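In: what follows is a protein structure lacking sequence information:
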């Protein structure tokens with residue numbers, strides 16, 4: 001017996017525990033001189049806590065708690081009685097007991113009836129009080145695990161990866177040994193769960209040989225294992241230290257290809273073992289592309305910057321156009337050369353060609369110099 005019942009589940013919307021409660025119902029038949037509250041004090045359990053494994057609605061939790069309290073109350077006193085045969089007694093009805101002592105006097109809830117007629121005598125036997133256990137809680141109600149074909153496996157197990165290829169059944173399984181079995185065998189072939197798996201596409205991440213993995217079993221059947229995921233440990237450490245802010249998310253491969261997410265500064269970094277790198281930064285408002293040779297391309301609020309320790313070459317099958325609202329400046333510490341079938345330079349206002357040491361204007365054919373006024377020194 002319990003003073004009250006509390007049913008609890010997880011609420012997806014609020015991301016918090018949701019509960020429904022029920023006290024000792026006042027509408028139950030009264031029998032004996034010990035009520036449910038008094039009996040609850042004896043065993044020291046004032047409140048029964050019911051936990052739902054799946055999310056439930058508020059009203060369902062409340063009804064669950066109420067049902068538990070009603071069932072507990074109707075199971076408070078149980079027994080059998082027999083009396084001269086009568087058709088008045090009904091399953092689900094009430095019978096009043098008198099003259100059986102203060103402990104049992106009162107109204108009982110009928111849960112079973114049996115009528116016997118023998119040698120001209122008709123007697124009725126009545127069961128009263130509910131079974132305290134729910135029908136679905138009985139172990140033989142549901143089908144046995146593994147379909148009773150094999151002894152089932154309960155819960156999860158630890159496995160160690162042995163092999164990633166050559167599945168004898170061709171079902172893309174991996175070979176895993178179960179250390180607790182302490183058997184010198186070739187291990188078991190288990191299916192590998194992926195976050196996304198379809199025909200010819202999906203995520204493709206295999207554990208490494210020697211990795212510690214979690215094994216589950218379909219319907220508890222030991223002949224149908226599945227790898228649910230991999231585990232870190234003190235001997236197989238993660239690529240980053242566990243930190244309270246939890247600002248770093250990453251994907252790191254065996255050869256140190258790395259995709260890193262910085263939640264604090266809002267930066268995504270993609271790097272290769274050789275030092276090639278792409279950085280997308282909301283903090284710096286920039287995108288940086290850098291290779292292992294020292295070449296960089298940076299897009300930022302200042303514009304686009306290309307930097308190379310060697311040559312920069314622009315090649316196009318069509319044309320190349322440079323257009324700027326402001327000035328375009330070409331500067332070189334050595335020569336600047338422009339060549340083509342025809343070279344045209346035009347100034348909307350003025351045109352200046354100047355050599356600090358020498359200057360030459362020549363052509364193998366006709367040379368024309370003209371203007372409204374031509375001045376030669």
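Out: Yes, it's here. This structure is a prediction, so every number in the text was calculated from the model and none was measured.

In: isn't residue 265 up against residue 281?
Out: Yes: Residue 265 is within contact range of residue 281, at 7.1 Å (criterion: Cβ atoms under 8 Å). (Each C-beta comes from the backbone N, C-alpha and C, glycine too.)

In: comparing the two, which residue is more hemmed in?
Out: Per other Cβ atoms under 10 Å, whichever of residue 265 and residue 281 has more neighbours is residue 281, with 16 against 10.

In: for the closest residue to the more buried one other than its chain neighbours, grab phi and psi.
Out: Distance criterion Cβ to Cβ, 6 or more residues apart in numbering; nearest residue to residue 281, sequence neighbours excluded, is residue 267 at 4.6 Å. The phi/psi pair for residue 267 (degrees, to the nearest 10) reads phi -130, psi 140.

In: cool, and residue 107?
Out: For residue 107, the backbone dihedrals (degrees, to the nearest 10) come out as phi -100, psi 130.

In: burial count for it?
Out: As a burial measure, residue 107 scores 13 neighbours (other Cβ under 10 Å).

In: distance of it relative to residue 374?
Out: Residue 107 is 129 Å from residue 374, where distance means Cβ to Cβ, to the nearest Å.

In: for residue 6, list each beta-bridge partner.
Out: Here residue 6 sits in beta bridges with residue 21, residue 49, going by DSSP bridges.

In: what about it, distance to residue 62?
Out: Distance from residue 6 to residue 62, by Cβ to Cβ: 10 Å.

In: please enumerate the shared neighbours of the two.
Out: 20-21 (Cβ atoms under 8 Å, 6 or more residues apart in numbering).

In: surely residue 126 is in a helix?
Out: No: looking at residue 126 with DSSP: H, G, I helix; E, B strand; the rest coil, it is strand, so not inside a helix.

In: residue 79 is in contact with that one, correct?
Out: No: taking contacts as Cβ under 8 Å, residue 126 lies outside contact range of residue 79: 9.3 Å.

In: between the two, which is the more surrounded one?
Out: residue 126 (21 against 12).

In: what's near enough to touch the more buried one?
Out: Applying Cβ under 8 Å, 6+ apart, we find residue 126 in contact with 80-83, 89, 95, 110, 112-114.

In: which residues touch the host helix or strand of residue 160?
Out: In this assignment (DSSP states H and E), residue 160 forms part of strand 157-163. Applying Cβ under 8 Å, 6+ apart, the external contacts of strand 157-163 come out as 174-180, 186-188, 190, 207-215, 225, 227, 231.

In: distance between the helix or strand just after it and the chain's centre?
Out: Sequence order places strand 174-177 as the next helix or strand after strand 157-163, per DSSP H and E. With Cα atoms, centre = their mean, to the nearest Å as the basis, strand 174-177 stands 24 Å off its chain's centre.

In: direction included, what does strand 174-177 pair against?
Out: As assigned by DSSP bridges, strand 174-177 forms pairs with strand 157-163 (antiparallel), strand 188-192 (antiparallel).

In: using JSON lines, lay out those together with mean pLDDT, distance to residue 135 and mean neighbour count.
Out: Shown next, in JSON lines, are the strands paired with strand 174-177 (pLDDT from 0 to 100; distance: least, Cβ to Cβ, whole Å; neighbours: other Cβ atoms under 10 Å):
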{"stretch": "strand 157-163", "mean pLDDT": "91", "distance to residue 135": "32", "mean neighbour count": "18"}
{"stretch": "strand 188-192", "mean pLDDT": "94", "distance to residue 135": "35", "mean neighbour count": "19"}
